[in-house]
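Asker: Pasting the sequence and the predicted coordinates here, then a few questions.
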Amino acid sequence: DAGVIQSPRHEVTEMGQEVTLRCKPISGHNSLFWYRQTMMRGLELLIYFNNNVPIDDSGMPEDRFSAKMPNASFSTLKIQPSEPRDSAVYFCASSRISGGVAEAFFGQGTRLTVV
Amino acid sequence: AQKVTQAQTEISVVEKEDVTLDCVYETRDTTYYLFWYKQPPSGELVFLIRRNSFDEQNEISGRYSWNFQKSTSSFNFTITASQVVDSAVYFCALPNAGNNRKLIWGLGTSLAVNP
């Protein structure tokens, strides 16, 4: 299995620009998670989907952030407009959940730098 | 409220030493899951173990072992005969109340294994 695939691995953008992060979950997994990791705040769950439906987006910092999952094999996290404080590593993770809480498998992350 | 505490911010050991990483949690759930993840210098998050609170038996996987003590709300992780490749940040995590799929993460313990 290819694992969770994220792109790009690194992104440098100027403040005010739109940024789109992409994720392909593991085939057969029914839940997808977007996390952000910073030194100051550690790992934060931004949003998660179950069967392509957003279930909990309470971690999305503000309206500048949006996430979509148009099908079971693709998700995007968009920041528009980006700000320097959005600089972080963004992880996508997926899991196969059939009751209970299953382990999630993470992608390699996207390191975002907003200058 | 759900909480995970990893009191050890950084640990440094010499190769072949045994090392224990502490994890103390608070939960209002009577049954729950606990997780450990590893984040090596390359950055990805690697799943290590999921433990159900029903099962208090210690778990061993090669040089890794986990000691779950429900009475003290601890789920400690021991690496026996540490190796340089074990150098990483290790995270303990617990689902949000109601075994929500949202994980509450500790701040991590950075382990440096020196040759």
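Answerer: Cool, the structure landed. Bear in mind the structure is a predicted one, so any value in this text is a computation, not a measurement.

Asker: give the contact list for residue A:76.
Answerer: Listed by CB atoms under 8 Å, 6 or more residues apart in numbering or on different chains, the contact partners of residue A:76 are A:20-23, A:67-68. Glycine gets a C-beta too; all of them are placed from N, C-alpha and C.

Asker: Okay, now the unreliable bits of the chain?
Answerer: No chain was given, so I picked chain A. A:1, A:99-100 (pLDDT under 70).

Asker: Let me rephrase: I mean chain B.
Answerer: Applying pLDDT under 70 to chain B picks out residues B:99.

Asker: Leaving out sequence neighbours, find the closest residue to the residue of it found nearest chain A.
Answerer: Closest to chain A within chain B is residue B:45: 4.0 Å, counting by CB to the nearest CB. Using CB to CB, 6 or more residues apart in numbering or on different chains and skipping residues adjacent in sequence, the residue nearest residue B:45 is residue A:106, 4.0 Å away.

Asker: How about residue A:71?
Answerer: Setting aside the residues directly before and after it, residue A:71 is nearest to residue A:52 in space (CB to CB, 6+ apart), at 6.5 Å.

Asker: what about the one you found, how many neighbours?
Answerer: Number of residues near residue A:52 (other CB atoms under 10 Å in any protein chain shown) recorded here: 16.

Asker: on that earlier part again, switch the contacts of residue A:76 over to a markdown table; also include neighbour count.
Answerer: Putting the contacts of residue A:76 into a markdown table (neighbours: other CB atoms under 10 Å in any protein chain shown) gives the following:
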| residue | neighbour count |
| --- | --- |
| A:20 | 14 |
| A:21 | 22 |
| A:22 | 16 |
| A:23 | 25 |
| A:67 | 20 |
| A:68 | 15 |
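
Asker: Which one of those is nearest to chain B?
Answerer: Nearest to chain B among the contacts of residue A:76, with distances taken as CB to the nearest CB, is residue A:23, at 13.4 Å.

Asker: which SS class is the closest residue to that closest one other than its chain neighbours?
Answerer: Distances taken as CB to CB, 6+ apart put residue A:92 closest to residue A:23, at 3.4 Å, once the chain neighbours are dropped. Secondary structure, DSSP: H, G, I helix; E, B strand; the rest coil: residue A:92 is strand.

Asker: ok, residue A:92 - contacts?
Answerer: Listed by CB under 8 Å, 6+ apart, the contact partners of residue A:92 are A:4, A:6, A:21, A:23, A:25, A:32-35, A:75, A:77, A:106-107.

Asker: Recalculate using a threshold of 7 Å.
Answerer: A:4, A:6, A:23, A:32-34, A:75, A:107 (CB atoms under 7 Å, 6 or more residues apart in numbering or on different chains).
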